[in-house]
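*Asks:* just the structure for this:
(2 chains)
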Amino acid sequence: MTDIPVTIARPSTGLGALVRHARYVIGENRVTGFAFGLFVLIVLAALIGPYVVPYDPLASNTAMALKPPSAAHWFGTDQLGRDVFSRVVVAARLDFFIAVASVVLVFLMGGLAGVAAGFFGGWTDRIVSRIADTIMAFPLFVLAMGIVAALGNTVQNIILATAIVNFPLYARVARAEANVRRNAGFVLAARLSGNAEARILLGHILPNIMPIMVVQMSLTMGYAILNAAGLSFIGLGVRPPTPEWGIMVAEGAAFIVSGEWWIAFFPGAALMIAVFCFNLLGDGLRDIIDPQRRT
Amino acid sequence: MLRMVSKRLVMAVPSLIGVVIVTFLLMRALPGDPAAYFAGPAATKEAIEQIRKNLGLDQPLIMQFGRYVGDLARGDLGNSLTTGQPVATEIRTRLPASAELTLLGLLVSMAIAVPLGIAAATRPGSLVDHTCRVLATAGVSLPVFFTGLILIYVFYYLLGWAPAPLGRLDIFYSAPPQVTGFYLIDSAIAGDGEVFLASLKQLILPALTLGIFSLAPIARMTRASMLAVLASDFVRTARASGLSPMTVIVTYAFRNAMLPVVTTLGMVFSFLLGANVLVEKVFAWPGIGSFAVEALIASDFAPVQGFVLTMAVMYVMLNLIIDILYGLIDPRVRVEA
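*Replies:* Residues are numbered from 1 along each chain as shown, chains lettered A, B, ... in the order given. Here you go, the predicted model:
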């Protein structure tokens, strides 16, 4: 079950089998299990965070401004007296949403373009590869800045920019994987039974490279969060007072030099843990699905 | 060798063309009417029409592109709306600050990552190896602006070792006479030890921040390629001939293991140039990154466009240099070309 991707692409049906498989994946590697635990925590914060936090993340209370962490305010309070803990937890939803949305978007753009390029070859391949090369000619974060600046300073454009700069990665992996399978036995069989090319591409090739794409998605998820937080750190996309990790670090940055470390530290640490968790999870998934690429 | 270099130079041309097209399209993608945008909010209808004519926006797209390329060829990147200065001048005066910081950051990360990677590869499974792996994973997870802030808190606020994170030089010192624009080199040329030390002190923390960020890929690659080389036949032969472990590692393994590491430098530069923007913001560094960020906040588009273009051209050039360097290190590449 651990060596060829094709077997993973056809999981046994039923909820019981799914749970068994998940338990196997987590139990296989303790680090992956740990990362999975963190992942569940982040998803929980994103889902129910706003309903369980002790304070309103937007309510300011100037009497309580700039207080260090205490029993009442676990992560202290910021310059407006807002509870940092509540803001960090609530921010998980937006950061997680940005990361997931941009990864799904780049999968749709890069994954499909790459599969088409690898399967059809010729002009499709040339155009897709040229686009990927052009994007790769830029330092990625700089290109993302330029895209957000040009399209307008909104969260949607941050998602789009993060997706675009990741496009080459997805397109290349999908292209290589599709290229290997373009004349595989099952493709020839499908063609012989009269399937149209588009149907073969979407119904036969794509499902077979899905495991590798899923690994790719979990590996780039951390980068997506970092990229989005970096953009909002320099003042793009998310606007105050919206709680978001990048912008919270930016707001706290001014207070670091006077010793109020907690305002920037906790959102920064949350960001770091989230990225760390996604990277570990991605590595773990890759080891299980695609052991030949283990480093 | 010369043929290899010229061949590689020709290969960089499509990348440059792509970069110019993308930056042009980015300007065209400005939300709303670019003429109204460049005219500012208080402009009248006639003024907007005038600007449209001046900018050539009434002409077909291909003509506008020709005009843009013509401006670029003359080194004209447009004017900044907020300062009224030509963007090209502004970028030229600020570029050395960014370059000095980025290069020092790269030096720092090479100085840490390469020995670490080698140590990890020679003793797999040891404490050093695990440290290397943890550092490599943690390094890519750390948001670069967060690392910078922690370093400031620890070394400036708590320990008081570092100067205030406010630019390239403390206000008590004046900049050394400009030769290269790198304060470290310029002050050394001027023989001014005090300014050299002062600018070094300002540089250490931001350079370390960049170094920690780019450490991971270099350490990882050094370890992996060193492991591969150490398992090869010629290393076995060298060991069997009774050479000391040091000679085997340094003269035989290291030089061969460096080849893939040099290739990764391209990716590392992509990271570094992007991270540079964030680090400049954290340390109030007067480089082109903070210039672009200020312009972004003020919705001043010409500087941003100029910045993206400059960075991309620099990145293409750096990749070119890396490839040529690769040819110098690896004689096989020369023969094949």
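*Asks:* show me what from the stretch 51-200 of chain B comes close to chain A.
*Replies:* B:137-138, B:140-146, B:149-150, B:152-153, B:156-157, B:164-165 (Cβ under 8 Å from any Cβ of the partner chain). Just so you know, the C-beta spots here come from the backbone N, C-alpha and C atoms, and that holds for glycine as well.
*Asks:* if we go to 6 Å?
*Replies:* For the stretch 51-200 of chain B, the contact set with chain A under Cβ under 6 Å from any Cβ of the partner chain comprises B:Ser141, B:Leu142, B:Pro143, B:Phe145, B:Phe146, B:Leu149, B:Ile152, B:Tyr153, B:Tyr157.
*Asks:* just the buried ones from those?
*Replies:* Buried by 16 or more other Cβ atoms under 10 Å in any protein chain shown: B:Ser141, B:Leu142, B:Pro143, B:Phe145, B:Phe146, B:Leu149, B:Ile152, B:Tyr153, B:Tyr157, out of these.
*Asks:* restricted to helices, list those residues.
*Replies:* Under the assignment DSSP state H, those contribute B:Ser141, B:Phe145, B:Phe146, B:Leu149, B:Ile152 to helices.
*Asks:* confidence-wise, which of these comes last?
*Replies:* Lowest pLDDT within these is found at B:Ser141 (81).
*Asks:* gap between it and B:Val277?
*Replies:* 19 Å (Cβ to Cβ, to the nearest Å).
*Asks:* run the chain-centre distance for the helix or strand where B:Leu309 lies.
*Replies:* Per DSSP states H and E, B:Leu309 falls inside helix B:301-329. Helix B:301-329 sits 9 Å away from the centroid of its parent chain (Cα atoms, centre = their mean, to the nearest Å).
*Asks:* how close does whichever residue of the stretch 151-300 of chain B sits closest to chain A sit to A:Gly259?
*Replies:* Among the residues of the stretch 151-300 of chain B, B:Gly274 lies closest to chain A, at 2.7 Å counting by Cβ to the nearest Cβ. Note on B:Gly274: its distance to A:Gly259, by Cβ to Cβ, is 30 Å.
*Asks:* which one's more surrounded, the two?
*Replies:* Taking neighbours as other Cβ atoms under 10 Å in any protein chain shown, B:Gly274 and A:Gly259 compare with B:Gly274 leading, 25 against 12.
*Asks:* secondary structure element for the more buried one?
*Replies:* helix B:255-282.
*Asks:* helix or strand right after that helix?
*Replies:* Immediately after helix B:255-282, counting by DSSP H and E, sits helix B:288-297.
*Asks:* which neighbouring elements make contact with that following helix?
*Replies:* When contacts are defined as 3 or more Cβ pairs under 6 Å, 6 or more residues apart in numbering or on different chains; DSSP states H and E, helix B:288-297 sits against helix B:87-122, helix B:255-282, helix B:301-329.
*Asks:* buried residues of it, list them for me.
*Replies:* B:Ile288, B:Gly289, B:Ser290, B:Phe291, B:Ala292, B:Val293, B:Glu294, B:Ala295, B:Leu296.
*Asks:* residue contacts, the nearest residue to the third one once chain neighbours are set aside?
*Replies:* Yep, that's B:Ser290 we're talking about. Nearest non-adjacent residue to B:Ser290, counting by Cβ to Cβ, 6 or more residues apart in numbering or on different chains: B:Glu280, 4.3 Å away. Neighbouring residues of B:Glu280 by Cβ atoms under 6 Å, 6 or more residues apart in numbering or on different chains: B:Gly287, B:Gly289, B:Ser290.
*Asks:* from those, which single one is nearest B:Phe307?
*Replies:* The closest of the contacts of B:Glu280 to B:Phe307 turns out to be B:Gly289 (Cβ to Cβ; 7.7 Å).
*Asks:* surely that closest one meets B:Asn276?
*Replies:* Yes. The pair B:Gly289 / B:Asn276 is scored as a contact, 5.2 Å apart, by Cβ atoms under 6 Å.
*Asks:* for the most centrally placed residue in chain B, which residues are in contact?
*Replies:* Closest to where the C-alpha atoms of chain B average out (Cα atoms, centre = their mean) is B:Leu273, at 3.2 Å. By Cβ under 6 Å, 6+ apart, the contact set of B:Leu273 is A:Pro139, B:Met311.
*Asks:* again, only this time at 8 Å
*Replies:* Residues counted as contacts of B:Leu273 (Cβ atoms under 8 Å, 6 or more residues apart in numbering or on different chains) are A:Pro139, A:Phe141, A:Val142, B:Thr102, B:Met311, B:Met314, B:Tyr315.
*Asks:* for B:Val87, see how far away the first one is.
*Replies:* For A:Pro139, the distance to B:Val87 (Cβ to Cβ) stands at 18 Å.
*Asks:* what about stretch B:119-136, start to end distance?
*Replies:* Terminal residues of stretch B:119-136 are spaced 14 Å apart (Cα to Cα, to the nearest Å).
*Asks:* then stretch A:239-251?
*Replies:* Using Cα to Cα, one end of stretch A:239-251 lies 11 Å from the other.
*Asks:* report whether that stretch contacts chain B.
*Replies:* Yes. Using Cβ under 8 Å from any Cβ, stretch A:239-251 reaches chain B at A:Gly246, A:Val249, A:Ala250.
*Asks:* now that stretch: average pLDDT?
*Replies:* For stretch A:239-251, the mean per-residue pLDDT is 85.
*Asks:* stretch B:231-243 and chain A in contact?
*Replies:* No. Stretch B:231-243 does not reach chain A (Cβ under 8 Å from any Cβ); its nearest approach is 14.9 Å.
*Asks:* list the buried ones in that stretch?
*Replies:* Neighbour-count burial for stretch B:231-243 [16+ other Cβ under 10 Å]: B:Val235, B:Ala238.
*Asks:* cool, and stretch B:252-270?
*Replies:* For stretch B:252-270, by 16+ other Cβ under 10 Å, it's B:252-254, B:256-258, B:260-262, B:264-270.
*Asks:* show me what it is in contact with.
*Replies:* With Cβ under 8 Å, 6+ apart as the contact definition, stretch B:252-270 has outside contacts at A:139-140, B:106, B:109, B:114, B:118, B:121, B:214, B:217-218, B:221-222, B:224-226, B:228-230, B:232, B:234-235, B:238, B:243, B:315, B:318-319, B:322, B:325-326, B:329-330.
*Asks:* and the buried ones among those residues, selectable in ChimeraX?
*Replies:* In ChimeraX, a selection of the buried entries from the contacts of stretch B:252-270 looks like this (16+ other Cβ under 10 Å):
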select /A:139,140 /B:106,109,114,118,121,214,217,218,221,222,224,225,226,229,230,235,238,315,318,319,322,326,330
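*Asks:* state the pair within the ones in helices among the buried ones among the residues of the stretch 51-200 of chain B next to chain A that is farthest apart.
*Replies:* Farthest pair in those (Cβ to Cβ) is B:Ser141 and B:Ile152. Separation: 19.6 Å.
*Asks:* where in the chain is the helix or strand with the lowest mean pLDDT?
*Replies:* Let's take chain A. Of all helical and strand segments in chain A, the minimum by mean pLDDT, DSSP states H and E falls on helix A:5-9, at a mean of 47.
*Asks:* can you look at chain B instead?
*Replies:* Sorting the helices and strands of chain B by mean pLDDT, DSSP H and E puts helix B:331-336 at the bottom, at a mean of 62.
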